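Trainee: Turn this into a structure:
(one chain, ligands or ions: 1)
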Amino acid sequence: MIDQLDAIQSEALSAIEAATEGDALEAARVGFLGRKGKLTLASAGMKDVPKEDKPAVGQALNAARKAITEALDAKLAALQADADADAAAGIDVTLPGAPLPRGARHPISQMLSRAVGTLRRMGFALATGPEIETEWHCFDALNTPPDHPARNESDTFYFGDGRLLRTHTSTVQIRTMEAAPPPVRIIAPGSAYRRDEIDATHLSQFNQLEGLYVDTDVSLADLKGTLEYLLRSIFGKDTPVRFRPHFFPFTEPSFEIDIQLRVKGKAARWIEIAGCGMVDPDVFNAVNQARGDQAYDPDKVGGFAFGLGLERLAMILWGISDIRLLIENDTRFLRQFA
Ligand code: DAH
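Mentor: Model (predicted):
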C-alpha cells in the first residue's frame, strides 16, 4: 500500500505541476483529494492493513496528503502571481493618476463662516430655532400687528393650523429670551421662507443671519460699531457703511444699513444690506408675559438686533448677478468659488 501511495503522490505532483490555469488545478485537487479522489479512495484501504503496519501506512498517507496539499497551494499562488503580472503588464505606474475632483464650500457657506467667525470673536454665541413656527413667535411677540402686510396669506406659507414657515430669523430673538434671562448675545443663522415669485433677486427659501444683544447699558453706538466692524470684515476695511432711518415693528429706532459699492468705471452706489435697530420695549413686554416674570424689564435692560440676508451679501461680494445660481448646483458656477 505504501508503494501505491507513493505512486498516487507522484502522479498528483506531476498533474499539479502540469496545470497552467485555475480550472486544471481545481480538477487535480478534486481528482486526488476530493471525496472520490484517488488518495481518498486509497485511504479506504487502511482498514485491510495488518495492525502492525498501520502506523507506517498511516504516516505515509498523511505525508502524501500534506505533499499534495502544499503543492496545490504553491501552484495556486504561482498562478495568481502570473495573472497579476499579466494584468499589470502595459501599465506605466509613473503616469499621473486620474485626478480626484476637488470639492469646495458653497458660497453661502463661505459667507456664513466669515460672518459667524467675526461675530463669534466679538462674543456672540450661536442660537437656533425651529423653521416651522407659531404666528406668535413670528409676528405677535415681535410687535407685528394682525393687519401688518408681512402677515398676509399671499406673503407667508401657512399650514392652516396656526403654524407657518418662519418669514425671518427674528423668531430666534423671542425663543432665546423666553429660554434664558439677560444678558443675551446671540447670532442665529438659518432659513427663512416667503411666498415670493422666484426671480433674479428672490427665492422662496433663503438664508438670514439674525443677531441680538441685550444687557444693561446697550447703546446705538454699540449697534453701529458692531455692524460696521462686521461689514468691513466682509467687504474690506475701507467700505463706506451708512445707517438710514427705517421702520421695523420690533425695533425703535430702526435702520436699514447700506454699504457703498464701488465698481471700477461705474458710479459708486449704495446697496441695502441689513435691517437693525434698538429692541422695542413691546418685544420685551411680550417676552416677559410669556416667561411670567420681569427678567426683561424695559426700564432695566435694552438691546439691539439685526438681520442680514446671506444670499445678498454673497451676491454683492462676488458680483453674482442672479440669486438662482446659488441653488442650481451647476458646478461650472460653483467651481469659481473653490
Ligand atoms: N427680520 C427683518 C427682515 O427679515 C430683518 C431685521 C430688521 C431683523 C431689523 C432685525 C432687525 O433683527 O432689528 O426683513
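
Trainee: The stretch 51-200 of the chain: helices as residue ranges?
Mentor: 54-88, 107-121, 135-138, 171-179 (DSSP state H, counting those that start in this stretch).

Trainee: buried stuff in the first one?
Mentor: For helix 54-88, the neighbour count (16 or more other Cβ atoms under 10 Å) marks 57, 60-61, 64-65, 68, 71-72, 75-76, 79 as buried. For the C-beta atoms, the positions are set from N, CA and C on the backbone; glycine is no exception.

Trainee: same deal with the shortest one?
Mentor: Judged by neighbour count using 16+ other Cβ under 10 Å, the buried positions of helix 135-138 are 135, 137-138.

Trainee: in terms of contact, does residue 206 touch residue 307 like I think?
Mentor: No - with contacts counted by Cβ atoms under 8 Å, residue 206 stays clear of residue 307, the gap being 11.6 Å.

Trainee: Tell me how many other residues crowd the residue of the stretch 151-300 of the chain found nearest the ligand.
Mentor: In the stretch 151-300 of the chain, no residue comes nearer to the ligand than residue 275, which is 2.6 Å away by Cβ to the nearest ligand atom. Residue 275 has 23 neighbours, counted by other Cβ atoms under 10 Å.

Trainee: Then residue 149?
Mentor: Counted with other Cβ under 10 Å, residue 149 comes out at 8.

Trainee: per-residue pLDDT, the nearest residue to it once chain neighbours are set aside?
Mentor: Of all residues not flanking residue 149 in the chain, residue 155 sits nearest, at 6.9 Å (Cβ to Cβ, 6 or more residues apart in numbering). What the model reports for residue 155 is a pLDDT of 91.

Trainee: about what we covered before: what sits against the residue of the stretch 151-300 of the chain closest to the ligand?
Mentor: By Cβ atoms under 8 Å, 6 or more residues apart in numbering, the residues touching residue 275 are 246, 248, 251, 254-257, 306-307.

Trainee: For residue 59, see how far away it is.
Mentor: Using Cβ to Cβ, to the nearest Å, residue 275 is found at 95 Å from residue 59.

Trainee: Residue 118 too?
Mentor: For residue 118, the distance to residue 59 - Cβ to Cβ - is 83 Å.

Trainee: wait, what's in contact with residue 113?
Mentor: Listed by Cβ under 8 Å, 6+ apart, the contact set of residue 113 reads residue 105.

Trainee: Look at it and report its pLDDT.
Mentor: pLDDT, read off for residue 113, is 97.

Trainee: try residue 120
Mentor: 97.

Trainee: Kindly report the same for residue 317.
Mentor: Here, the pLDDT recorded for residue 317 equals 92.

Trainee: Count the residues that sit near residue 234.
Mentor: 19.

Trainee: so it touches residue 313, yeah?
Mentor: Yes - if you go by Cβ under 8 Å, residue 234 and residue 313 touch, sitting 6.5 Å apart.

Trainee: Need the overlap of contacts for these two.
Mentor: 111, 115.

Trainee: Quickly list the domain ranges of this structure.
Mentor: Following automatic domain parsing, the chain resolves into domains at 2-88, 107-337.

Trainee: residues from the chain in reach of the ligand?
Mentor: Applying Cβ under 6 Å from any ligand atom, we find that the chain lies next to the ligand at 168, 170, 210, 248, 251, 275-277, 305-307.

Trainee: In strands, which of those residues appear?
Mentor: 210, 248, 251, 275-277, 305-307 (DSSP state E).
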